[in-house]
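>>> got a predicted structure here, sequence first:
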Amino acid sequence: MRISTGSIMQRYNRNLSKAIGNLDSSRIKVLTNRNFNTIAEDPAAAARSFKLRREYNQTADHVKNIEDTISLFDNLAAGALDVSTMLTQDVNEDVLRAVNGATGAEAREAYAKSLRGVQETIVLSLNAKYGERYLYGG
């Protein structure tokens, strides 16, 4: 049997490619912190891994939905507090002054303008949007 330079080089290249492939496979296992690179290597571990990944993504979606909902309710509470403040301070004072104070037409018109301004402010506050949605239905 004759051993030629070509056959030695072929065997060397084949062994070198196999060693580099094994090195690459080992590096990927270390970087990904898994014991497999393909499903065929360990089907049970791959199934567990996919299940955990799906559950992790579902949990992340759930957390994002909760954060969005909390933000929405914070905006709702702030708007309701603003309206409540306007009604208790501005409107109560103007109404009490109008009832107990001067009853002239000019005074009533001034109070009416003031209350109309408060009304417009409340409508603007209640027409606030969160993203593309109206907070209070528009």
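Ah, there it is.
>>> and the helix or strand encompassing residue 31, how far out from the chain's middle?
According to DSSP states H and E, residue 31 maps onto helix 5-32. If you compare the mean C-alpha spot of helix 5-32 with that of the full chain, they lie 45 Å apart, counting by Cα atoms, centre = their mean, to the nearest Å.
>>> of all the residues in it, which ones are buried?
Judged by neighbour count using 16 or more other Cβ atoms under 10 Å, helix 5-32 contains no buried positions. (Each C-beta comes from the backbone N, C-alpha and C, glycine too.)
>>> who are the packing partners of it?
In terms of contacts (3 or more Cβ pairs under 8 Å, 6 or more residues apart in numbering; DSSP states H and E), helix 5-32 is packed against no helix or strand at all.
>>> got the angle for the next helix or strand after it vs helix 5-32?
The C-terminal neighbour of helix 5-32 among helices and strands, as given by DSSP H and E, is helix 43-85. Between the axis of helix 43-85 and that of helix 5-32 there is an angle of 40 degrees, by axes from the mean of the first three to the mean of the last three Cα atoms, to 10 degrees.
>>> and the helix or strand bottoming out on mean pLDDT in the chain, what does it pack onto?
Evaluated with mean pLDDT, DSSP states H and E, the helix-and-strand set of the chain has its lowest mean pLDDT in helix 92-100, which scores a mean of 74. Under the contact criterion of 3+ Cβ pairs under 8 Å, 6+ apart, the helices and strands touching helix 92-100 comprise helix 105-126.
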